[in-house]
Every structure is written in C-alpha cells, then in structure tokens.
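Asks: Sequence and computational prediction follow.
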Amino acid sequence: MDVDVAILLLCRLRDESSHVRKNTLMVLTHLILNDMVKVKGQISEMATCLEDKDSRISDLTKLFFLELSKKVRKSVYQIRSLNEAF
C-alpha cells in the first residue's frame, strides 16, 4: 500500500464523524491483521482510538490490539521453534 494512502487513512481516525472513524478503523484493522500494511510508528494513531468518546470505536480498538498481540505472540513462537530446529 502506498505510504500516502496509509497516511490519509490514519488522518481519518481523527475525523469528527464517528461513522468515518469506525469505518477507517475497520479498514486499517483488516489491512494490518492480514499483512497488507506493515505496522510501524503509525500504530500510535490507532491507539488514540482507545479513548474515543464512541464506545463502539474504543471497543473495536481494544479488539484490534488483542488480535494484534495474538498475531505477534504466534510469530515469536514460530521464530523460536525455527531456532530450536537448527
């Protein structure tokens, strides 16, 4: 994904419309968890959604970070298993 497109998406997380913020969060969640976008420093923009006044958005953000942590733990386990195999 083009860096400019990712930045435009991240900016929408601060939109005044909760509908726009929720849809943006859902798109970014899909892209990140399916390895279509690599997580870098921009993850802090998603973390700001944890304190969103709309509880649906804050709950979706919590779910995103939960799923991301599971994915990271699984990756670490796979790397550890590969190291032990050698």
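Replies: Ah, there it is.
Asks: tell me the pLDDT at the most centrally placed residue in the chain?
Replies: Nearest residue to the geometric centre of the chain (C-alpha atoms, centre = their mean): residue 29, 4.6 Å. Per-residue pLDDT puts residue 29 at 93.
Asks: Tell me, how many residues neighbour the residue lying closest to it once chain neighbours are set aside?
Replies: Nearest non-adjacent residue to residue 29, counting by C-beta to C-beta, 6 or more residues apart in numbering: residue 64, 4.7 Å away. The C-beta positions use only the backbone N, C-alpha and C, and glycine is treated the same way. Using other C-beta atoms under 10 Å, residue 64 has 22 neighbouring residues.
Asks: try the one 5 residues further on
Replies: Residue crowding around residue 69 was assessed by other C-beta under 10 Å; the count is 10.
Asks: how close does it get to residue 44?
Replies: Separation of residue 69 from residue 44 (C-beta to C-beta, to the nearest Å) stands at 16 Å.
Asks: which residues does residue 53 contact?
Replies: residue 18 (C-beta atoms under 8 Å, 6 or more residues apart in numbering).
Asks: no no, residue 58
Replies: Here residue 58 is in contact with 49, 50, 51, 52 (C-beta under 8 Å, 6+ apart).
Asks: Let's see the pLDDT reported for it.
Replies: On the pLDDT scale, residue 58 gets 97.
Asks: Please apply the same query to residue 79.
Replies: 52.
Asks: Centre of the chain to stretch 54-74, how far?
Replies: 7 Å (C-alpha atoms, centre = their mean, to the nearest Å).
Asks: Keeping just the C-alphas, turn it into PDB.
Replies: This file holds the C-alpha atoms of stretch 54-74, laid out as PDB (Å, rounded to 0.1, in the frame of the first residue of the first chain):
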ATOM      1  CA  ASP A  54     -17.900   6.400  20.900                       C
ATOM      2  CA  SER A  55     -17.700   3.200  22.900                       C
ATOM      3  CA  ARG A  56     -18.000   1.100  19.600                       C
ATOM      4  CA  ILE A  57     -14.800   2.600  18.400                       C
ATOM      5  CA  SER A  58     -12.900   2.200  21.600                       C
ATOM      6  CA  ASP A  59     -14.200  -1.400  21.900                       C
ATOM      7  CA  LEU A  60     -13.100  -2.200  18.300                       C
ATOM      8  CA  THR A  61      -9.700  -0.700  19.000                       C
ATOM      9  CA  LYS A  62      -9.300  -2.900  22.100                       C
ATOM     10  CA  LEU A  63     -10.200  -5.900  19.900                       C
ATOM     11  CA  PHE A  64      -7.700  -4.900  17.300                       C
ATOM     12  CA  PHE A  65      -4.800  -4.700  19.800                       C
ATOM     13  CA  LEU A  66      -5.900  -8.000  21.300                       C
ATOM     14  CA  GLU A  67      -5.800  -9.700  17.900                       C
ATOM     15  CA  LEU A  68      -2.500  -8.000  17.000                       C
ATOM     16  CA  SER A  69      -0.900  -9.200  20.200                       C
ATOM     17  CA  LYS A  70      -2.000 -12.800  19.500                       C
ATOM     18  CA  LYS A  71      -0.500 -12.500  16.000                       C
ATOM     19  CA  VAL A  72       2.800 -11.200  17.400                       C
ATOM     20  CA  ARG A  73       3.000 -13.900  20.000                       C
ATOM     21  CA  LYS A  74       2.300 -16.500  17.300                       C
END
